[in-house]
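Enquirer: this is a predicted model, with the sequence first.
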Amino acid sequence: MSGNKRPRIERRRVVPQPGTRLRRDPRAERQPPVASAAEEPSPTGRIRRDPRAARVPAKPAPAMNQPTAQPAPRTIIIDDPACLILAVPDFEDGRLSSHDRDLLGAARMLADAAKGALVVLMPSTSKEDIATAGADRTIAADISGYAPEARAALVLACIETLRPRHVLFCETATGGGDVGRRVGAALGELPAPHVIRLSASEAASRGNGGRSDYLQPPPRLLFVAAETADPPAEARREARSLPPPALSSLKLRIEDRGIAATDPNAVPLTEADFIVSAGNGVTDWPGFHDVAAALGAAEGGSRVVCDTGLLPRERQVGASGSLVEPRCYLAFGIAGAPQHLQGILRCERVLAVNTDLHAEMVKRADLAIIADAQAVMPALARLAKDRRLGS
């Protein structure tokens, strides 16, 4: 050896012999790892990592303007039902009311319990999506307008053709209640009137002036009251179209001449189809009466309004007043107290005009206008009058 040079040590890998213990080489373990594609050694021997190359490329996000494909809703099809259940909704103005949907819910329950199919008798002019209303079969016929004799003859022909296990009508004065009783008299059968509870084995009818309930097995004819059953779920049914039965010539004694003109405020709130209601936010009362008259709507009010004598007590809407269920409820300046919201629980459409964006009535409304009622009422009255005059 010369100078201060240290002797070179040759490193060898020792392979253990069978039966001997494996000895670790700490120097070999200290060697730097092999560089990957995302790494490269530096001049000093340390590994330099490339963070861009090390990243795994993400999947490209779908374009925002390309809608994602939604799976088609499953359609429930009943090809060989054990029986048929016939439902006869009123279809007033060609639309399903909340009472009609309750009727379909009761009929759907009976059909499911008997492993049967639900047949719905409907007007040919209706645009309702009856497949989502629980109908397995449909019969479309010309049954628009007030024609109880023709409707009863059509139902009798359907009963003769289909032989349904049950036939359900809405318990209404000028709709299913009238038609159903004509059908019962023609068949000589006693129906179950004012059905308030219904199951596959029992029907509860209210009678004796509302003081008594009568229980019996469900007869063939049932007159279903409102809220007897929940509307059918949104499951889509087949709604297969069946041909309407042939009718012999009828001599009709009742002629429909349309709706007679009447004062909307002469109609009880519980029977009104359109209600315009005022709350504490209304100060222009002549404007309120004007817009209600222009829209042809019945007037209603909150408890505060009726307490101060601005509207009669019978015009009060709410849990302590009248529980209403019109097709449209227009509320001007009503904050939305809990007892008032209980009174409009079954309204089909609720419109609210209020200056408070966070009012409970605005949250309940299907359509809300955040503005002063005093500015909206005259503008709406002018628009309604112009539409009526055709200008």
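Expert: Sure, I can see it. Numbers count the residues shown, from 1 in each chain.

Enquirer: contacting residues around residue 233?
Expert: By CB atoms under 8 Å, 6 or more residues apart in numbering, the residues touching residue 233 are residue 134. Placement of C-beta: from N, CA and C, glycine included.

Enquirer: quick one, phi psi at it?
Expert: Phi and psi for residue 233, reported as degrees, to the nearest 10, are phi -70, psi 170.

Enquirer: in stretch 337-351, what's buried?
Expert: Residues 337, 340, 341, 343, 344, 346, 347, 348, 350, 351 are the ones in stretch 337-351 that count as buried (16 or more other CB atoms under 10 Å).

Enquirer: show me those that map onto strands.
Expert: 350, 351 (DSSP state E).

Enquirer: with the buried residues of stretch 337-351 in mind, which one is nearest to residue 161?
Expert: Relative to residue 161, the closest of these is residue 348; by CB to CB it sits at 33.2 Å.

Enquirer: what about residue 219, how many neighbours?
Expert: Residue 219 has 16 neighbours, counted by other CB atoms under 10 Å.

Enquirer: distance of it relative to residue 121?
Expert: Residue 219 sits 19 Å away from residue 121, going by CB to CB, to the nearest Å.

Enquirer: residue 239: neighbour count?
Expert: Residues near residue 239, counting by other CB under 10 Å: 19.

Enquirer: wait, it sits on residue 136?
Expert: Yes - Residue 239 lies in contact with residue 136 (CB atoms under 8 Å); the separation is 7.1 Å.

Enquirer: can you give me phi and psi for residue 79?
Expert: According to degrees, to the nearest 10, residue 79 has phi -80, psi -40.

Enquirer: check contacts around it.
Expert: Residues near residue 79 by CB under 8 Å, 6+ apart: none.

Enquirer: one more time with 10 Å
Expert: Listed by CB atoms under 10 Å, 6 or more residues apart in numbering, the contact set of residue 79 reads 117, 136, 238, 240.

Enquirer: which stretches of the stretch 151-300 of the chain form strands?
Expert: For the stretch 151-300 of the chain, applying DSSP state E, counting those that start in this stretch gives strands covering 166-170, 192-198, 203-207, 212-216, 221-224, 236-237, 240-242, 274-278, 298-301.

Enquirer: just so I know, which of those lies nearest residue 78?
Expert: strand 236-237 (8.2 Å).

Enquirer: residues contacting the closest one, please?
Expert: Against strand 236-237 from outside (CB under 10 Å, 6+ apart): 72-78, 108, 117-118, 120, 129-138.

Enquirer: the residue positioned nearest the centre of the chain and residue 327, how far apart?
Expert: What sits nearest the mean C-alpha location of the chain, by CA atoms, centre = their mean, is residue 234, with 7.8 Å. Residue 234 sits 21 Å away from residue 327, taking CB to CB as the criterion.

Enquirer: do residue 256 as well
Expert: Counting by CB to CB, the gap from residue 256 to residue 327 is 20 Å.

Enquirer: residue 170 now?
Expert: For residue 170, the distance to residue 327 - CB to CB - is 15 Å.

Enquirer: what about those two, which has more around it?
Expert: Remark: of residue 170 and residue 327, residue 170 carries more neighbours, 24 against 16, as counted by other CB under 10 Å.

Enquirer: what are the bridge partners for the more buried one, then?
Expert: Beta-bridge partners of residue 170, counted by DSSP bridges, are residue 224.

Enquirer: hang on, isn't it packed against residue 100?
Expert: Yes - between residue 170 and residue 100 there is a contact at 6.4 Å, judged by CB atoms under 10 Å.

Enquirer: could you verify that residue 78 is part of a helix?
Expert: No - Residue 78: not assigned to a helix; according to DSSP: H, G, I helix; E, B strand; the rest coil it is coil.

Enquirer: poorly predicted segments of the protein, please.
Expert: Across the chain, the ranges flagged by pLDDT under 70 are 1-26, 28-73, 144, 258, 390-391.

Enquirer: so where do the helices sit in it?
Expert: For the chain, helices defined by DSSP state H occupy the ranges 26-29, 51-54, 98-113, 148-162, 176-187, 285-295, 303-307, 338-343, 360-364, 373-389.

Enquirer: buried sites along the fifth one?
Expert: In other words, helix 176-187. In helix 176-187, counting by 16+ other CB under 10 Å, buried: 176, 177, 178, 179, 180, 181, 182, 183, 184.

Enquirer: elements contacting it?
Expert: strand 84-88, helix 98-113, helix 148-162, strand 166-170, strand 192-198, strand 221-224 (3 or more CB pairs under 10 Å, 6 or more residues apart in numbering; DSSP states H and E).

Enquirer: how about the residue nearest to the centre of the chain, nearest residue that isn't a chain neighbour?
Expert: Closest residue in space to residue 234, ignoring its immediate chain neighbours: residue 132 at 5.8 Å, by CB to CB, 6 or more residues apart in numbering.

Enquirer: ok, now which ones touch the one you found?
Expert: 73, 231, 232, 233, 234, 235, 236, 237, 239.

Enquirer: return the distance of the fourth one relative to residue 186.
Expert: If I follow you right, that is residue 233. From residue 233 across to residue 186, the span is 34 Å (CB to CB).

Enquirer: can I get the helices of the chain in TSV with distance to residue 267?
Expert: Formatted as TSV, the helices of the chain follow (distance: least, CB to CB, whole Å):
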stretch	distance to residue 267
helix 26-29	94
helix 51-54	75
helix 98-113	17
helix 148-162	21
helix 176-187	18
helix 285-295	12
helix 303-307	18
helix 338-343	17
helix 360-364	23
helix 373-389	19
